[in-house]
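Engineer: whatever this is, show me its structure:
(one chain, ligands or ions: 1)
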Amino acid sequence: MSEIDVKPDTIAPDTIAKPKIEQPRLYKVILVNDDYTPREFVVGVLMGVFRMSEDQAYRVMMTAHRRGACVVAAYTRDIAESKATEATNAGRQAGHPLEFTTEPEE
Ligand code: TYC
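Structural biologist: Predicted coordinates for the structure are as follows:
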């Protein structure tokens, strides 16, 4: 066997493809309570913007109402920000101070 035919019986570590899959950071969308926006309006926005069932939306609304705020969902940054803006604008258009914010997950 010539030297050219010699194959290593181990593969040098720097030739092994190591899949490095970085998960994008997720951002929470948070519903903030206020004293003025009607409950049914909040439920409608949660159903429309966040595709929640009426049941889920009612629970999230009541959690924000009782505790001051509630995490609605988590998305990549662009989607979280655009949904928070869309939902906040829906309230503003109807004359309500409804507010949705975003914050990065740990
Ligand atoms: N607190 C409001 C009311 O009593 C209802 C409400 C719930 C508003 C949750 C905002 O994020 C909210 N009409």
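Engineer: any low-confidence regions in the protein?
Structural biologist: 1-15 (pLDDT under 70).
Engineer: near the ligand, which residues of it?
Structural biologist: 31-35, 37-39, 42, 61, 64-65, 98 (Cβ under 6 Å from any ligand atom). C-beta coordinates here come from the backbone N, C-alpha and C atoms, glycine included.
Engineer: out of those, which are inside helices?
Structural biologist: Using DSSP state H, the members of the residues of the chain next to the ligand that fall within helices are Arg39, Val42, Met61, Ala64, His65.
Engineer: from the ligand, how far off is Thr102?
Structural biologist: 15 Å (Cβ to the nearest ligand atom, to the nearest Å).
Engineer: ok, that residue - contacts?
Structural biologist: For Thr102, the contact set (Cβ atoms under 8 Å, 6 or more residues apart in numbering) comprises Tyr27, Lys28, Val29, Ile30, Arg77, Ala80, Glu81, Ala84.
Engineer: ok, 10 Å please
Structural biologist: 27-30, 72, 74-75, 77, 79-85 (Cβ atoms under 10 Å, 6 or more residues apart in numbering).
Engineer: name the member of these with the most neighbours.
Structural biologist: Val72 (27 neighbours; other Cβ atoms under 10 Å).
Engineer: tell me the SS of it?
Structural biologist: Secondary structure, DSSP: H, G, I helix; E, B strand; the rest coil: Val72 is strand.
Engineer: which of the ones in helices among the residues of the chain next to the ligand are buried?
Structural biologist: Val42, Met61, Ala64, His65 (16 or more other Cβ atoms under 10 Å).
Engineer: what's the neighbour count on the residue nearest to the third one when sequence neighbours are not counted?
Structural biologist: Using Cβ to Cβ, 6 or more residues apart in numbering and skipping residues adjacent in sequence, the residue nearest Ala64 is Cys70, 4.0 Å away. By the measure other Cβ under 10 Å, the count of residues near Cys70 is 19.
Engineer: then Thr101?
Structural biologist: Around Thr101 there are 15 residues (other Cβ under 10 Å).
Engineer: repeat that for Gly68.
Structural biologist: 11.
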